[in-house]
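Undergrad: sequence first, then the predicted structure, then my questions.
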Protein chains: 2
Amino acid sequence: MFSKSCEYAIRSVIIVCQNSKQGLKTNVKEISERAGVPEPYIAKVMQILVKAHLVQSSKGPGGGFFIDANNTELKLIDVVNAVDGDSLFTACGLGLKECSEKNPCPLHDKFKDIRNNLKKMLMTTSIHDLSEKLVAFTYTSK
Amino acid sequence: MFSKSCEYAIRSVIIVCQNSKQGLKTNVKEISERAGVPEPYIAKVMQILVKAHLVQSSKGPGGGFFIDANNTELKLIDVVNAVDGDSLFTACGLGLKECSEKNPCPLHDKFKDIRNNLKKMLMTTSIHDLSEKLVAFTYTSK
DNA sequence: TACAAAAAAGATATTTTTATCTCTTTAATA
DNA sequence: TATTAAAGAGATAAAAATATCTTTTTTGTA
């Protein structure tokens, strides 16, 4: 469904969010360990999230990633969009260039429903809520 | 959503199905042209579909791919499963190894709904129906 | 039976994604 | 001010997906 980069990003953002609620910053090493993702790889992915202003970062000793206190409405879709773009919600299910509302491929409407469901779910799922539910979960990739 | 191989497969199967209704076989060249997919690539993908018994093939002059007359209940999910497997319906949305019904990740239930919708759609969409609706559509990849 | 047309099989090449490594910049603090 | 811990940036490497090429097998037909 999502790219690995995106899965990693979601898991990482949840952890950063948890720490941020306690006023803590999270460095790449901790993200790597707790999210179960390779350290140099997630370092790159975090750069994307910082550039998209979904998380903030500070350099130097004691630095790390955090989520701004006023950025309380961060949604899952923001992370997905930043990392994977919006092709999941917009591209034709059959990969057809000409497929559109005006010129729908035969699967167009069926796919639209599915994608709209997915989009709605991602738009209404807040990272903050997830970070509260997920405390007990161990992140280990396949 | 689907791999390119899978998108190609769906488009190709629809074309083969159309021809099969008129008792015609479809060779790789025709599939390539009408589905807008690279010829040597779709040749490989068709082998997967033949091995999965979703389409039949015959070699030699006048040969090609066709769908058995009694295989009238071919569904979209059969093609997706043969080419992409079932990870889209079974894998954790966050890529977590331990996520399961018993030990659900925080997104588990929300993803389950989406995936079940998708699965239901694919299970109820017949290739034969699609092949009738899609006659006018031009297949051109992005 | 020889030829030609077609899929099958296997090898190779290219591109994209995933992953890692090295060096630079920033900033806290001893 | 020197050291150190951290992110940022850029280069490189490995793996997977996509694409192509070559050879073999099958089969219809002249």
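TA: The structure has been received and is ready for your questions.

Undergrad: remind me which residues of chain A are low pLDDT?
TA: A:135-142 (pLDDT under 70).

Undergrad: in stretch A:84-101, which residues are buried?
TA: The neighbour-count check on stretch A:84-101 (16 or more other Cβ atoms under 10 Å in any protein chain shown) flags A:84, A:88-89, A:91-96, A:99 as buried. From N, CA and C alone the C-beta is placed, and that goes for glycine too.

Undergrad: what about that stretch, near chain B?
TA: Yes: counting by Cβ under 8 Å from any Cβ of the partner chain, chain B is contacted by stretch A:84-101 at A:88, A:91, A:93-98.

Undergrad: what's the closest non-adjacent residue to residue A:93?
TA: residue A:111 (3.9 Å; Cβ to Cβ, 6 or more residues apart in numbering or on different chains).

Undergrad: any idea how far the one helix or strand the one you found maps to is from the chain center?
TA: Using DSSP states H and E, residue A:111 falls within helix A:108-124. Offset of helix A:108-124 from its chain centre (Cα atoms, centre = their mean, to the nearest Å): 17 Å.

Undergrad: stretch A:27-39 too?
TA: The answer for stretch A:27-39 is 15 Å, by Cα atoms, centre = their mean.

Undergrad: and the gap between the residue nearest to the spatial centre of chain A and residue A:40?
TA: Nearest to the geometric centre of chain A sits residue A:79, at 2.9 Å (Cα atoms, centre = their mean). Residue A:79 sits 20 Å away from residue A:40 when distances are taken as Cβ to Cβ, to the nearest Å.

Undergrad: out of the buried residues of stretch A:84-101, who's nearest residue B:62?
TA: residue A:94 (29.1 Å; Cβ to Cβ).

Undergrad: spit out the contact partners of that closest one.
TA: A:105, A:107, B:7, B:10-11, B:139 (Cβ atoms under 8 Å, 6 or more residues apart in numbering or on different chains).

Undergrad: go on, residue A:99?
TA: Neighbours of residue A:99 in contact, by Cβ under 8 Å, 6+ apart: A:92, A:105, A:108.

Undergrad: what do you get for residue A:8?
TA: Residues in contact with residue A:8 (Cβ under 8 Å, 6+ apart) are A:35, A:37, A:41-42, A:45, B:95.

Undergrad: drop anything exposed from those residues.
TA: Buried residues within those, counting neighbours by 16+ other Cβ under 10 Å: A:35, A:37, A:42, A:45, B:95.

Undergrad: the fourth one against residue A:10, yeah?
TA: Spelled out, it's residue A:45. No: with contact defined as Cβ atoms under 8 Å, residue A:45 does not reach residue A:10; the gap is 10.2 Å.

Undergrad: and residue A:8, what helix or strand is that in?
TA: Per DSSP H and E: helix A:4-21 holds residue A:8.

Undergrad: CA atoms only: put that helix into PDB for me.
TA: The C-alpha trace of helix A:4-21 is given here as PDB (Å, rounded to 0.1, in the frame of the first residue of the first chain):
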ATOM      1  CA  LYS A   4       8.700   1.300   2.900                       C
ATOM      2  CA  SER A   5       9.900   4.900   3.300                       C
ATOM      3  CA  CYS A   6       6.300   5.900   4.200                       C
ATOM      4  CA  GLU A   7       5.800   3.000   6.600                       C
ATOM      5  CA  TYR A   8       9.000   4.000   8.300                       C
ATOM      6  CA  ALA A   9       8.000   7.600   8.400                       C
ATOM      7  CA  ILE A  10       4.600   6.900  10.000                       C
ATOM      8  CA  ARG A  11       6.200   4.800  12.700                       C
ATOM      9  CA  SER A  12       8.900   7.400  13.300                       C
ATOM     10  CA  VAL A  13       6.500  10.300  13.500                       C
ATOM     11  CA  ILE A  14       4.400   8.400  16.100                       C
ATOM     12  CA  ILE A  15       7.500   8.000  18.300                       C
ATOM     13  CA  VAL A  16       8.600  11.600  17.900                       C
ATOM     14  CA  CYS A  17       5.100  12.600  18.800                       C
ATOM     15  CA  GLN A  18       5.000  10.600  22.000                       C
ATOM     16  CA  ASN A  19       8.300  12.100  23.100                       C
ATOM     17  CA  SER A  20       7.200  15.600  22.100                       C
ATOM     18  CA  LYS A  21       4.300  15.400  24.500                       C
END
